[in-house]
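Asker: sequence isn't available, so here's the structure alone:
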């Protein structure tokens, strides 16, 4: 085995650990934000919040799966949301397990699953919400950007 192969394996394992840790932090963040009523769920609902009070957005999660990868309208929305997040220094991640994400954020008043394609974690501007998971995810996003991964993909932990 060459030195490059050994270093490559170590980097792959370190990256896998980072992604797994980020997945656990994302789950903790979503559950804590849900308890505090700091979640906005849905593409259109998120766009409204971003338009009305962009300073209240602390974190953005975009979710898709194989069923929606070819949905051009959804991909255009994602592109616009990502651009908004980049322009406003909002960390953004992707999750490939939309069903798991929908389970985490719960159902709406009618009992139907919410549109979990876009989830915003908000924080009141007057009294900013601090959460250790939000800090961990911010660091994860910063490290990913340093490696030229502008919108990192996170895998949520198995249940």
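Answerer: Everything's here; your move. If you're wondering where the values come from, they're calculated on a predicted model, not measured in any experiment.
Asker: point out where the protein drops to low pLDDT.
Answerer: 1-19, 107-114, 126 (pLDDT under 70).
Asker: top strand in it by residue count?
Answerer: Ranked by residue count under DSSP state E, the longest strand found in the chain is strand 57-63.
Asker: list the buried residues in stretch 49-67.
Answerer: 50, 56-64 (16 or more other C-beta atoms under 10 Å). Placement of C-beta: from N, CA and C, glycine included.
Asker: give me the contacts around it.
Answerer: 26, 29-30, 38, 40, 46, 74, 78, 81-82, 84-85, 88, 90-99, 101, 116-125, 128-129, 134, 137-138, 151 (C-beta atoms under 8 Å, 6 or more residues apart in numbering).
Asker: work out which residue lies at the spatial centre of the protein.
Answerer: By C-alpha atoms, centre = their mean, the chain has its centre lying nearest to residue 61, at 2.6 Å.
Asker: measure the residue lying closest to residue 144 once chain neighbours are set aside to residue 83 for me?
Answerer: Nearest non-adjacent residue to residue 144, counting by C-beta to C-beta, 6 or more residues apart in numbering: residue 152, 3.9 Å away. Here the criterion is C-beta to C-beta, to the nearest Å. By it, residue 152 lies 17 Å from residue 83.
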